[in-house]
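1. structure of the sequence below:
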Amino acid sequence: MAQQDANIEYQFMALVSLLANSALQHLGKVINPVTGKVEKNLEAAGMTIDWLRMIKIKTQGNLTPDEDRILSSYISNLQLNYVDEMNEKQKESASSSANDKKEETQNETK
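-> Residues are numbered from 1 along each chain as shown. Below you'll find the model as predicted:
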């Protein structure tokens, strides 16, 4: 029975790590191993972070202290990176809008 419990703990942590790595890929923090490129998909990253938060809630009271610590750490790290990426996206969007307006003004004066 102890072997089975250890196997389940390993599989659980492998699942959590898989989801965390997937979120990092969607945040553009690591290379997509399939394409070999850095790709961003903030919507998918947010959804994956939500899945990890849901797992934490649904497993509350059933995790070992190490599992809880690692899962909490993944979630915190991913949430901080997500906020950073969203802020960067908003800055890029604002900058792009300002450049578009500047070009419009220049075209109107010609």
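
2. which stretches of this protein have low pLDDT?
-> For the chain, applying pLDDT under 70 flags the ranges 1, 97-110.

3. nearest residue to the residue most central in space within it in space, please, no chain neighbours.
-> In the chain, the residue lying closest to the centroid (CA atoms, centre = their mean) is residue 23, at 3.4 Å. In this structure, residue 23 finds its nearest non-sequential neighbour in residue 48, 4.1 Å apart by CB to CB, 6 or more residues apart in numbering. No exception for glycine: its C-beta is placed from N, CA and C like everyone else's.

4. what residues sit buried inside the helix or strand containing that neighbour?
-> Counting by DSSP states H and E, the element that carries residue 48 is helix 42-58. Using 16 or more other CB atoms under 10 Å as the test for burial, helix 42-58 gives 45-46, 48-49, 52, 55-56.

5. just stretch 63-76 next, same as before
-> For stretch 63-76, using 16+ other CB under 10 Å, the buried residues are 63, 67, 70-71, 74-75.

6. taking those one by one, which sit in helices?
-> Among the buried residues of stretch 63-76, the members falling in helices (DSSP state H) are 67, 70-71, 74-75.

7. okay if I get those as JSON lines plus distance to residue 91?
-> What follows is these, written out as JSON lines (distance: CB to CB, whole Å):
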{"residue": "67", "distance to residue 91": "37"}
{"residue": "70", "distance to residue 91": "32"}
{"residue": "71", "distance to residue 91": "31"}
{"residue": "74", "distance to residue 91": "26"}
{"residue": "75", "distance to residue 91": "25"}
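
8. Three-state assignment for residue 36, please.
-> The assignment at residue 36 comes out as coil when based on DSSP: H, G, I helix; E, B strand; the rest coil.

9. coming back round to it: okay, the buried residues of helix 42-58 in CSV with distance to residue 36 next?
-> Shown next, in CSV, are the buried residues of helix 42-58 (distance: CB to CB, whole Å):
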residue, distance to residue 36
45, 19
46, 24
48, 21
49, 24
52, 26
55, 29
56, 32
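
10. those residues: which two are farthest apart?
-> Greatest spatial distance among those (CB to CB): 45 and 56, at 16.9 Å.
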